[in-house]
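A.B. asks: no sequence for this one, just the structure:
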């Protein structure tokens with residue numbers, strides 16, 4: 001059964017400078033009636049500030065972080081940012097969280113990466129308690145404790161001064177591994193997916209169903225939203241469009257993490273799809289500094305499965321395939337002209 005498919009814009013994170021067309025793209029997305037705009041962070045620009053800037057210039061479009069890294073802020077600081085964003089935007093904010101990877105968590109934040117699922121579960125619980133503002137917040141977990149025990153001895157549970165726009169502000173979680181996806185379905189309001197392929201939709205439905213079936217699961221298949229980031233390359237020549245996206249996938253599969261299973265979570269997605277031999281080769285090439293060769297080694301079918309490439313009519317047909325998946329919202333990595341074409345197709 002086909003789903004209603006919404007269109008969003010993933011503005012990503014900045015490089016060495018803010019993108020020259022960043023605000024123009026968001027304003028165009030608002031004008032076109034696109035559902036949402038999302039910002040990200042790595043180890044440069046943060047995820048919240050661009051949304052606040054764009055939110056001040058828009059009135060309708062949803063504003064989401066895809067993703068805010070849980071090691072970048074304490075749960076209380078993250079909840080404060082979410083409360084503030086939701087009040088400023090009058091209920092348009094979606095808090096998207098993610099554990100990131102060991103290179104960023106340990107190298108940039110100087111924090112432990114171990115047990116990301118347990119840390120995420122505790123983090124989300126504290127954030128929910130702060131935002132709900134039902135009582136002063138106390139929490140005793142393995143990774144987070146409020147208030148601090150010891151110290152000056154003056155700590156006490158506190159309740160947010162700011163009242164929430166929505167006590168049930170939606171929290172989405174970025175996840176790629178099977179256990180992480182199942183936990184996301186259990187504790188979150190939505191899943192920020194990436195490297196998703198319609199041909200592998202059955203696998204993700206099974207992982208989500210596992211989470212929905214757990215005791216105390218927050219939502220269900222009817223209430224849960226899947227928002228999926230998708231690169232887009234328009235062009236009459238399909239092969240050339242695929243080539244445009246090869247460096248993007250080479251970076252994620254080959255360069256984000258160390259060599260080997262479990263060392264690069266993005267690469268493990270493609271391995272689960274049956275591309276283990278090719279991914280091993282891509283990692284070898286990329287980590288040896290041979291990035292162009294790594295990109296060239298990417299199977300065209302893999303790039304095509306996870307993207308929207310080619311002329312407008314072909315993308316229209318591909319969108320029909322996406323409507324058969326569990327995805328609710330496609331978050332396009334696209335410029336303003338491409339957004340206009342996509343908005344017409346949607």
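C.D. replies: Nice, thanks for sending it over. All figures in this text were calculated on a predicted structure; none of them were measured in a lab.
A.B. asks: okay, domains of this structure per the record?
C.D. replies: Domain assignment for the chain, taken from automatic domain parsing, gives 6-233+311-345, 236-310.
A.B. asks: end-to-end on the last one?
C.D. replies: When you say that, I think you mean domain 236-310. The first residue of domain 236-310 is 6 Å away from its last residue (C-alpha to C-alpha, to the nearest Å).
A.B. asks: give the contact list for the nearest residue to residue 171 once chain neighbours are set aside.
C.D. replies: Closest residue in space to residue 171, ignoring its immediate chain neighbours: residue 95 at 5.0 Å, by C-beta to C-beta, 6 or more residues apart in numbering. Glycine gets a C-beta too; all of them are placed from N, C-alpha and C. The neighbourhood of residue 95, defined by C-beta atoms under 8 Å, 6 or more residues apart in numbering, consists of 64, 65, 68, 78, 82, 127, 169, 170, 171, 172.
A.B. asks: try residue 58
C.D. replies: Neighbours of residue 58 in contact, by C-beta under 8 Å, 6+ apart: 26, 27, 30.
A.B. asks: ranking those residues by neighbours, who comes first?
C.D. replies: Neighbour counts for the contacts of residue 58 peak at residue 26, which has 26 neighbours (criterion: other C-beta atoms under 10 Å).
A.B. asks: surely it is in a helix?
C.D. replies: Yes - when the secondary structure is assigned by DSSP: H, G, I helix; E, B strand; the rest coil, residue 26 falls within a helix.
A.B. asks: show me the strands in the stretch 151-300 of the chain, by range?
C.D. replies: Under the criterion DSSP state E, counting those that start in this stretch, strands of the stretch 151-300 of the chain are mapped to 171-174, 190-193, 225-234.
A.B. asks: can I get those strands in CSV including mean pLDDT?
C.D. replies: Written out in CSV, the entries for those read as follows (pLDDT from 0 to 100):
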stretch, mean pLDDT
strand 171-174, 98
strand 190-193, 98
strand 225-234, 98
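A.B. asks: can I get these in CSV including mean neighbour count?
C.D. replies: Rendered in CSV, the data for the strands of the stretch 151-300 of the chain read as follows (neighbours: other C-beta atoms under 10 Å):
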stretch, mean neighbour count
strand 171-174, 25
strand 190-193, 26
strand 225-234, 22
